[in-house]
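Undergrad: Here is a sequence together with a model predicted from it:
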There are 2 protein chains.
Amino acid sequence: MGRLSTLFAPERVAVIGATDSEGSVGRAITSNLLESFDGEVVAVNPYKEEVLGLRCYDEVGDVDAPERIDVAVVVVPPNVAVDAIREAGAAGIDNVVVITAGFGETGSEGAARERDLRAAAEEYDLNLVGPNSLGVMSTPKGLNATFGNEMATEGDISFMSQSGAFVTAVLDWAAERDVGFKDIVSLGNKAILDEGDFVAEWGEDPDTDVILGYLEDIEDGEKFIRTAREVTQDTPIVLVKSGRTDAGASAAASHTGAMAGSERAYEAGLEQAGTLRVESVQELFDFAQILSGQPLPEGEEIAIVTNAGGPGVMTTDAVGDSDLSLAEFEDETLDRLGETMPDEANIYNPVDIIGDAPAKRFEIALETVLEDDNVSMAVVVACPTAVLSFEELAEVVVEKQQAAETPIATTLMGGKSVGEGQAVLSEAGIPNYFDPARAVDSLDALRDYGAIQAREYEDPATFDVDRERAREILESAARRDTNRLGVEAMDLLDAYGIPTPRGGVVDSPSEAQALAEDIGDDVVMKIVSPDILHKSDIGGVEVGVPPEEVRDTYEDLVVRARNYQRDATVLGVQVQEMVDLDSGTETILGMNRDPQFGPLLLFGLGGIFVEVLEDNTVRVAPVSEPEAREMLDDIDSAPLLRGARGRDPVDEDALVETVQRLSQLVTDFPAIVELDINPLVATPDGVQAVDLRLTLDQEEL
Amino acid sequence: MGRLSTLFAPERVAVIGATDSEGSVGRAITSNLLESFDGEVVAVNPYKEEVLGLRCYDEVGDVDAPERIDVAVVVVPPNVAVDAIREAGAAGIDNVVVITAGFGETGSEGAARERDLRAAAEEYDLNLVGPNSLGVMSTPKGLNATFGNEMATEGDISFMSQSGAFVTAVLDWAAERDVGFKDIVSLGNKAILDEGDFVAEWGEDPDTDVILGYLEDIEDGEKFIRTAREVTQDTPIVLVKSGRTDAGASAAASHTGAMAGSERAYEAGLEQAGTLRVESVQELFDFAQILSGQPLPEGEEIAIVTNAGGPGVMTTDAVGDSDLSLAEFEDETLDRLGETMPDEANIYNPVDIIGDAPAKRFEIALETVLEDDNVSMAVVVACPTAVLSFEELAEVVVEKQQAAETPIATTLMGGKSVGEGQAVLSEAGIPNYFDPARAVDSLDALRDYGAIQAREYEDPATFDVDRERAREILESAARRDTNRLGVEAMDLLDAYGIPTPRGGVVDSPSEAQALAEDIGDDVVMKIVSPDILHKSDIGGVEVGVPPEEVRDTYEDLVVRARNYQRDATVLGVQVQEMVDLDSGTETILGMNRDPQFGPLLLFGLGGIFVEVLEDNTVRVAPVSEPEAREMLDDIDSAPLLRGARGRDPVDEDALVETVQRLSQLVTDFPAIVELDINPLVATPDGVQAVDLRLTLDQEEL
């Protein structure tokens, strides 16, 4: 257990701001604690002698052995909250839950107050929850340090929420259902403790089987990815990250002041972190339920057993929509089904044991398909009939599931008749839904999590690069006081082993001539100036220049630059070997920085593919070799890299390596805030970075 | 009301095969009828004197005034079912419901029996439901002519299902909920009456507000589209069409022998028919509920009113995912909210009236936003708090919804606290969900249906074409006994006013020469032979032939064809003006025939777009001008037609007209079973059909 363990399993809890005023938050918390907490509650309030039968202390430091208070819950008004936190810290208390609102969520005065709060917490190295939190709960010790109406029942789900209201909603909802919790935390403004901390804590908690979260932002993407990757090797994390859409993001910003990173960064980062991201509350709890109740499947092949053809087809459609596949049965299975099922039955998957099936027939069919090595999971879909007892069916399903240790979900398709069967299934951790699509989606989530657990996170490769040379190039740009670099920085790529066409930037006609002769063929010449963004538009690019015309062309290019802007800084002219664009495929490899996740790599095919069809993919850097390779698979136009329509397949390994080398470059130099290699030409024999633009943040150098 | 009205509102119902044998279907139907039917039940069974207190007749013809029996329900064994149907027909009964199974769903003997049954029904012009049906229900008269366990409660939803089991599941589920039905029919094998007939019937039924269907196939796509278009002007149709996925389609085929047309044809056809197609059972009933309970919105702008920031963000995300948009409030609304809401509230949409809001504050906020002309619908999202009564809130919502006549859905986000509020809302037809995404999706469905009602179905344009010439071209191919035509049929397009490059097919070098001179420029020459599919591969195409080389090239092409296949039929050589492919955009316009929906047009951009990116769209022909235009909008690569990346926009009107002209051609000639114009080159000045392939079914000529 981590350093937060006493937050959720305290012996003594102090309420700073305890009161008995009717309808107050301080009273609600004190009375919630008194109601079920298996430990000592201490009341602190200088204006009260006694609160709800508890002696009231003036300050937390006045309590006997205050350092043995495990958690201080702060409910005082905002103007005295920071003092209360300092007192708690000074008294030697480790964990503080700040219920008080009126901080970062309320404008500049509140923001200043939150800075003070953070400073106080850091001074005393406090584990601080909030401010603006509903509180924390933990069922094993009956801890309800919240001001909600409802205490959770015990279970194996731990849940964090950036919305306190959502916690109250979930508790009210769960009170009617068989959904139990281990710990619950309302994150509030996350001044100190954030989602990464709780993920780490619950990852080490043997009583937490599933971690759920409702988040509006992630404070530190890099920390979250690192922590979550480790935790999800044992414990699944299912998240709603809201503010997914533009409208949602701006609603989130105005609600909590959540600083929205780009949705694409969240999408990539949460996936790379190994979390299961869901879009709706329904999925959040559907997935939690199956993850906590059922074992992981060994494959993706599903068997469907039903007494009803139509619902069997609906279920099959749901399988078609998922990443699961219909199991193909072994001959032995078909033989046994053929012997035991009626003639009218369909013994192929989906197995339709027809409308007159009693529970016994389900039992035989289910047992048979579960014994098939090609079956990794099963869904039982039953419609009510005169001969079928849903309760008996549920008992059969539980027995067979437990014997086979194969995950199962059920669809008892009804309402009135379902109650008792549902209870039997629920007791055994088998999820049941009216809609077969939910049963299949839940099993699919189980498979997803199995795939995450099976992931091997490779470390990003470290190539042997010339980091010093790269630094010099960036520093020399900084000395010229320029933030935008172009082809004059191509050497930067070269320093990191990214192939570029032969050539370079020269600053005299004679050097240009010499370089062209060295190249020994027609060349491309481009004016190099930070003041000229669109070179072609001013005649600043000449293609196919024969060596003998290089001198004159140099002069022409400079004249055109001066004509365009008299005082343009001209760094010289780039002379480059011709790259045959027709023989290769133009791709784009770029990077920008996300406020939460840092460097975000982008890959796609050039031209219309990125610009019109928006066919590209992103990953948070640094990326490992498998992650870089996945980027190539991700795009719809991937077949064009692989020889579609009679092309020669490009050298994918070279592309993958280039992605990793760029990842290393942008990770090494936070000063590079934006970078585009466009085009990066991929051919059957390798790649070449033909053009480059990047933006520097000199302060990071 | 249509000719089926007596099926659902009979005075007298006969059960042919009535029995009191315990556990039998005949007994279940007889006793279900006796239980609640407000009319006379007549029992027919030659082996019984009396059944469940009813006198039993040997034959239906023996009953007094048998022609006044409105419905005969047939439950006799399959081998005597057709005789029973004939008897019913001979006795003058109009409606027959065949419960008996053992027909088309069971192999060749059953299929033969189903043919006999259909012949008998047609002979007597019977309205026949089934065979292999669970039966029919209609609540106003308490008619339960099914063998299920449950009678529906009265409501305004009529429901048809190709799965009988699904009917029993839905009834069992609805028994626990406030979901009522007008009519229910289990379609069975649809030997006579199909989904189109029931859609037509319910479209004229004032007591049916919403039509729901579970279908595995559609018998007659053209009839269904025609009927549904008319019905959906007044009554929404919500459908699950299962067998959407490949796996689902083959499951459906093995289950009911449903003849699966292509999923793309269903997708296009059901959309063109104006139905709302859903993928899950949950959506089916969510949409039914809101469509039957709420008025249609006047726009797509939604207001969100909530006491909880986080759930407000989730709701906003759901809006972002939908086709709805967040309403921007008028100044007056903002002023009034500013005056009436607390300072901490967010008065912009989503309106967050914060956690201490009682029902009264919801009332003011809701009333204010509903008065805003920019607000077409609202969703109220409430988390449980100490100061809010969900029941009071529900009353407020109902009152404001009824006053404003603006559609509303709610999210009372809880479980335990929701019951009474839910009941109040449900009584008033306001749907409530825990998950805000479902509330928003339901409102979105309401908007979708509003858009469908607002559609004006234009008749397909009829262009002035040379139909006789087209027929001659097809007939001359038939005389050559060939099914596959290529460029030699380009005149077919010309006859229908689809522009083709100048040129034609000639059968001598001198004619080729003359034609090239007439064109007056370099030409393209192609061998024309039904035996040579890939002309380029055998050197059968020459591009850029100057007029003076046309004679020799003619001879060369014929020699190459003979070298490839000595006995190849050579129809001649096509001589065509050069089309500058670079200056235009290559598109593909094609057609194939779907077994259910008939001619299906396909449009997309040529090359990688259709072949690699699968970016194309289909419509059932004939298409109207707006439908043809939509096809251009549908594809992802549409921007490339409209001047993306510095291209000149193509002549869209010419493309739209060409789609319509092809639609007319393939509608006029069912003999054309497949056709591809590839490429159809679109330029800023028009279009040109450069190449053509088609397949004929000579029997249809």
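TA: That came through, no problem.

Undergrad: What is the neighbour count of A:Glu332?
TA: 12 (other CB atoms under 10 Å in any protein chain shown). The way it works is simple: take the backbone N, C-alpha and C, and place the C-beta from them, glycine included.

Undergrad: and it, what are its phi and psi?
TA: A:Glu332 adopts backbone torsions of phi -60, psi -40, taken as degrees, to the nearest 10.

Undergrad: Setting the sequence-adjacent residues aside, check what's closest to it.
TA: A:Asp372 (7.7 Å; CB to CB, 6 or more residues apart in numbering or on different chains).

Undergrad: Same check on A:Glu363?
TA: Nearest-residue entry for A:Glu363: A:Val396, 4.4 Å, with adjacent residues in sequence omitted and distances by CB to CB, 6+ apart.

Undergrad: Look up how far chain B lies from the one you found.
TA: Note on A:Val396: its distance to chain B, by CB to the nearest CB, to the nearest Å, is 19 Å.

Undergrad: next one: A:Ile225
TA: Separation of A:Ile225 from chain B (CB to the nearest CB): 23 Å.

Undergrad: Is it correct that that residue falls within a helix?
TA: Yes: according to DSSP: H, G, I helix; E, B strand; the rest coil, A:Ile225 belongs to a helix.

Undergrad: circling back to that earlier point, residue contacts, the residue nearest to A:Glu332?
TA: Contact analysis of A:Asp372 by CB atoms under 8 Å, 6 or more residues apart in numbering or on different chains lists A:303, A:327, A:329-330, A:332-333.

Undergrad: could you redo the last one with a cut-off of 10 Å?
TA: A:301, A:303, A:327-330, A:332-334, A:336-337, A:349, A:378, A:406 (CB atoms under 10 Å, 6 or more residues apart in numbering or on different chains).

Undergrad: residue ranges of the helices in the stretch 101-250 of chain A, please?
TA: For the stretch 101-250 of chain A, applying DSSP state H, counting those that start in this stretch gives helices covering A:108-123, A:164-174, A:195-203, A:221-231, A:246-256.

Undergrad: Highest average neighbour count across these: which stretch is it?
TA: Stretch with highest mean neighbour count among these: helix A:164-174 (a mean of 26; mean count of other CB atoms under 10 Å in any protein chain shown).

Undergrad: and the closest residue to A:Glu367 other than its chain neighbours, how many neighbours does it have?
TA: Leaving aside its sequence neighbours, A:Glu367 sits nearest to A:Lys400 (CB to CB, 6+ apart; 5.5 Å). Other residues lying near A:Lys400 total 24 when counted by other CB under 10 Å.

Undergrad: Buried residues in the host helix or strand of A:Lys400, which are they?
TA: Per DSSP states H and E: A:Lys400 is located in helix A:390-404. By 16 or more other CB atoms under 10 Å in any protein chain shown, the buried positions in helix A:390-404 come out as A:390-398, A:400-401, A:404.

Undergrad: Toward the C-terminus from it, list the very next helix or strand.
TA: Taking DSSP H and E, what comes next after helix A:390-404 is strand A:408-412.

Undergrad: any idea of the angle that next one forms with helix A:390-404?
TA: Following axes from the mean of the first three to the mean of the last three CA atoms, to 10 degrees, one obtains 170 degrees for the angle between strand A:408-412 and helix A:390-404.

Undergrad: now check the very next helix or strand once past strand A:408-412, is it near chain B?
TA: Following strand A:408-412 in sequence order, the next helix or strand is helix A:419-427 (DSSP H and E). Yes: using CB under 10 Å from any CB of the partner chain, helix A:419-427 reaches chain B at A:Gly419.

Undergrad: Over to stretch A:138-150?
TA: Yes: for stretch A:138-150, a contact with chain B is found by CB under 10 Å from any CB, at A:147-150.
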